[in-house]
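K.L.:
Quick one: sequence and predicted model below, then my questions.
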Amino acid sequence: MGRLDKYFLTEPMPNSHELDANGKTTRQNIVWMNDKVLPEATQHFMITWYEQSVMFCPGSHVHNADEYIGFVGSDPENPQDLNGKVLFWMDGEWLTIEKSAIIYVPAGVPHCPYIMLDVKKPIIHFSGTPDGHYEQSMPDSSESPAGAGSSRGNLNDLISYRCRPPMPGKDTDPSILTKIVWLDPSEMPGSPYIELAWFKKPREPKPPTHTHDFDEFVGFVSSDPNDPHNLGGKIKVYLDGEWVEFTKSTVIYIPAGMEHCPFVIEEMTRPILHFSGGPGSRY
Ligand SMILES: [Fe+2]
Ligand SMILES: [Fe+2]
């Protein structure tokens, strides 16, 4: 086992592949990251495919840390199209999401359940907190999903449907890398940072080698729900003095101060979902 292998996370959450009565997949987790699978992790992240209309996360709960919860369509040609609908309960209200989106759930705000409806193509769901130890607790109040509305103003303001704005001279051609959605404290004060995009073609090696003073994670995930752990390609990344190559859906945990990048897409036979995240206040 290599020195850096522990930072390349490829295992799904245990017992997370659920089937309907006919043996068809309803949901399956692809990969998760937290202090259970990597003790030094200071962030939690997980990504799951939903393939049928279903209700999930039945218990309303709160966290001590901020959380983001995303729902993204699986069509790289129409990245904003959710190809379904999500009803998401937060702080006494049902929010309706009909495009690829990230919801910012500030610490202490009760949320869940959510319901997937009219799923025409699989929906990619992800969530994360800038706190490696993911813990749920019940809200203090006796609020139920039938609660009568939030006192926090318009909760729709906590949903981002936006892509990162153009960065002249730095953006990759959209025929190579298509932005999906982005959450960033410059748009939503106090939020963590997370960004998703589709790689549709290999890109020149980028970005240049760098470090951060916070822990970051970067992910690459299959676009094929029937083959979700196989990237359908080969990627290599420079990390802490070594080149590491991988072919599975992977989240790479990058501790603060560790040199990383560029990454190189050496082969690809289909689009690859790409994301990166970190604590928003310092990204
Ligand atoms: Fe939560
Ligand atoms: Fe980085």
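P.N.:
Received the coordinates, thanks. Ligands and ions are numbered 1, 2, ... in the order given.
K.L.:
alpha carbons only for contacts and neighbour counts from here, please
P.N.:
Will do.
K.L.:
can you give me the helices for the stretch 51-200 of the chain?
P.N.:
Applying DSSP state H, counting those that start in this stretch to the stretch 51-200 of the chain gives no helices.
K.L.:
mind showing which ranges of it have poor pLDDT?
P.N.:
131-136, 138-151 (pLDDT under 70).
K.L.:
how about a cut-off of 80?
P.N.:
Counting by pLDDT under 80, the ranges of the stretch 51-200 of the chain that qualify are 55-58, 131-153.
K.L.:
Where do the strands of it begin and end?
P.N.:
54-56, 67-73, 81-90, 93-99, 101-105, 111-117, 123-129, 159-160, 177-183, 193-199 (DSSP state E, counting those that start in this stretch).
K.L.:
Trp32: which of those is closest?
P.N.:
strand 123-129 (9.5 Å; CA to CA).
K.L.:
Can you mark which positions in that closest one are buried?
P.N.:
Across strand 123-129, burial judged by 16 or more other CA atoms under 10 Å covers Ile123, Ile124, His125, Phe126, Ser127, Gly128, Thr129.
K.L.:
Need the contact partners of stretch 14-23.
P.N.:
Defining contact as CA atoms under 8 Å, 6 or more residues apart in numbering, one finds that stretch 14-23 is touched by Thr25, Thr26, Arg27, Gln28, Asn29.
K.L.:
The residues you listed in strands, which ones?
P.N.:
Members of the contacts of stretch 14-23 lying in strands (criterion: DSSP state E): Thr25, Thr26, Arg27, Gln28, Asn29.
K.L.:
What is the neighbour count of Ala65?
P.N.:
Residues lying near Ala65 (other CA atoms under 10 Å) number 19.
K.L.:
Test my guess that it contacts Thr129.
P.N.:
Yes - contact criterion CA atoms under 8 Å: Ala65 and Thr129 qualify, at 6.5 Å.
K.L.:
if we can go back for a sec, now distance to Asp5 too, for the strands of the stretch 51-200 of the chain, in TSV please.
P.N.:
Listed next are these as TSV, based on distance: least, CA to CA, whole Å:
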stretch	distance to Asp5
strand 54-56	32
strand 67-73	27
strand 81-90	34
strand 93-99	36
strand 101-105	30
strand 111-117	34
strand 123-129	22
strand 159-160	34
strand 177-183	27
strand 193-199	23
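K.L.:
what about the closest residue to Asp213 other than its chain neighbours, neighbour count?
P.N.:
Nearest in space to Asp213, with sequence neighbours left out and distances taken as CA to CA, 6 or more residues apart in numbering, is Ala256 at 4.9 Å. Here the number of neighbours of Ala256 (other CA under 10 Å) works out to 12.
K.L.:
same question for stretch 219-231, mean pLDDT?
P.N.:
Mean per-residue pLDDT for stretch 219-231: 95.
K.L.:
measure that stretch end to end?
P.N.:
11 Å (CA to CA, to the nearest Å).
K.L.:
Stretch 197-204 now?
P.N.:
End-to-end for stretch 197-204, by CA to CA: 16 Å.
K.L.:
Centre of the chain to that stretch, how far?
P.N.:
Its chain's C-alpha centre and that of stretch 197-204 lie 18 Å apart, by CA atoms, centre = their mean, to the nearest Å.
K.L.:
which outside residues touch that stretch?
P.N.:
76, 175-181, 264-268, 270-275.
K.L.:
And the buried ones among these, selectable in ChimeraX?
P.N.:
In ChimeraX syntax, the buried subset of these is picked out as below (16+ other CA under 10 Å):
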select :76,177,178,179,180,181,264,265,268,270,271,272,273,274,275
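K.L.:
Could you report the neighbour count for the nearest residue to Val72 once chain neighbours are set aside?
P.N.:
The spatial neighbour of Val72 that comes closest, neighbours along the chain excluded (CA to CA, 6+ apart), is Ser100 at 4.2 Å. The burial count assigned to Ser100 is 27, neighbours taken as other CA under 10 Å.
K.L.:
try Tyr7
P.N.:
Counted with other CA under 10 Å, residues neighbouring Tyr7 total 20.
K.L.:
Look up phi and psi at it.
P.N.:
Main-chain torsions, Tyr7, degrees, to the nearest 10: phi -90, psi -10.
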